[in-house]
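Participant: pasting a predicted model and its sequence here:
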Amino acid sequence: MKKKIYIAGCGGMLGEAFYTQFKEDYIIKCTDKDVNEDWLSFLDFRDFEAYKKDVKEFSPDYLFHLGAYTNLEFCEENADDTYNTNTLAVENAVYLANSLNIPLLYISTAGIFDGKQELYDDWDMPNPLGVYARSKYMGERFVAENANRFLVCRAGWMMGAGPKKDKKFIQKLMKQLKEGNKELFIVDDKDGTPTYTHDFAKNVKLLIEKEFWGLYNLVCGGQTSRLEVAQEMLELLDKSDEIKLTPVNSDHFKDVYFAQRPANERLINRKLNIRELNIMSDWKDALRIYLDKYYKGYLD
């Protein structure tokens, strides 16, 4: 008998990976306020009564709460809306999971740290810098302090789902290339750890199956920087010779990206490593797989 998973906020890049990785082995219901796939149905999880009704009718064995505002500038300018979406809705998800006595999955972020350390493991103390980071960290804390059984999984620099849904670094660079740009300006003062959505979903699946509840860093292997990711991407696309990479510091983009970001978001999957449950790829392998799977012919 297949177990059932209700996935809320499943319309984005991470949702696409969760749908793909879980649909064969589980009965899943995927919802979002943006119904952009035929496997999605409408639900705005900020409407607690609607959320409660929909989840209870489906009667799942697990509740996955994926959705959040992730645009840092939007979050800074819309703080109350951000806390409502990223924090209060998560509190509602905790009440819901507890009332059904089922485990809850919550997605957190490397962005909750202040960037002053070289590496952050699962037990390092977060110190969020802006509204987005604070809203996510408060969600993480509420889950950890109040959910009966939970997984909190922290992602790094996310990549996944291709041109249609990837709103992050890789797609921003690919879009510039598609538009014919011959020079890319890349910040050289931001370090972190890429996270491929499909690797992330597979590793969550492993934790669910092993029933190792708790809080985990869940990023790809290898520490890197924005500049190195861009260099590797051009190498994989065979465009290193024709595209110029110009390193700049973050001030170069301060008009567009004015929200404060940690200089360093490098995570290490320490708990996964100790438990021998780390199946995340090295970030370079993940980037190659991602470009092959989602960007074939994109620049032609």
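Facilitator: Cool, the structure landed. Residues are numbered from 1 along each chain as shown.

Participant: from residue 75, how far off is residue 223?
Facilitator: For residue 223, the distance to residue 75 equals 26 Å [CB to CB, to the nearest Å]. Where you see a C-beta, it was placed from the backbone N, CA and C, and this is true even at glycine.

Participant: more neighbours, those two?
Facilitator: Shown here are residue 223 and residue 75; by other CB atoms under 10 Å, residue 75 has more neighbours (24 against 18).

Participant: OK, contacts around the more buried one?
Facilitator: 69, 82, 86, 130, 131, 132, 135, 259 (CB atoms under 8 Å, 6 or more residues apart in numbering).

Participant: what strand or helix carries it?
Facilitator: helix 72-77 (DSSP states H and E).

Participant: now the helix or strand immediately after that helix in the chain: average pLDDT?
Facilitator: Downstream of helix 72-77, the first helix or strand assigned by DSSP H and E is helix 79-83. In this model, helix 79-83 has an average pLDDT of 98.

Participant: list of residues touching helix 79-83?
Facilitator: Under CB under 8 Å, 6+ apart, the answer for helix 79-83 is 69, 74, 75, 131, 132, 135, 138.

Participant: again, only using 6 Å
Facilitator: 69, 75, 131, 135 (CB atoms under 6 Å, 6 or more residues apart in numbering).

Participant: pull out the buried residues from that helix.
Facilitator: 82, 83 (16 or more other CB atoms under 10 Å).

Participant: same check, this time on stretch 91-103
Facilitator: For stretch 91-103, by 16+ other CB under 10 Å, it's 92, 93, 94, 96, 97, 98, 100, 102, 103.

Participant: export these as CSV, with columns for pLDDT, distance to residue 175 and secondary structure.
Facilitator: Shown next, in CSV, are these (pLDDT from 0 to 100; distance: CB to CB, whole Å; DSSP: H, G, I helix; E, B strand; the rest coil):
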residue, pLDDT, distance to residue 175, secondary structure
92, 97, 35, helix
93, 98, 33, helix
94, 98, 37, helix
96, 98, 37, helix
97, 98, 38, helix
98, 98, 42, helix
100, 98, 41, helix
102, 98, 39, coil
103, 98, 38, coil
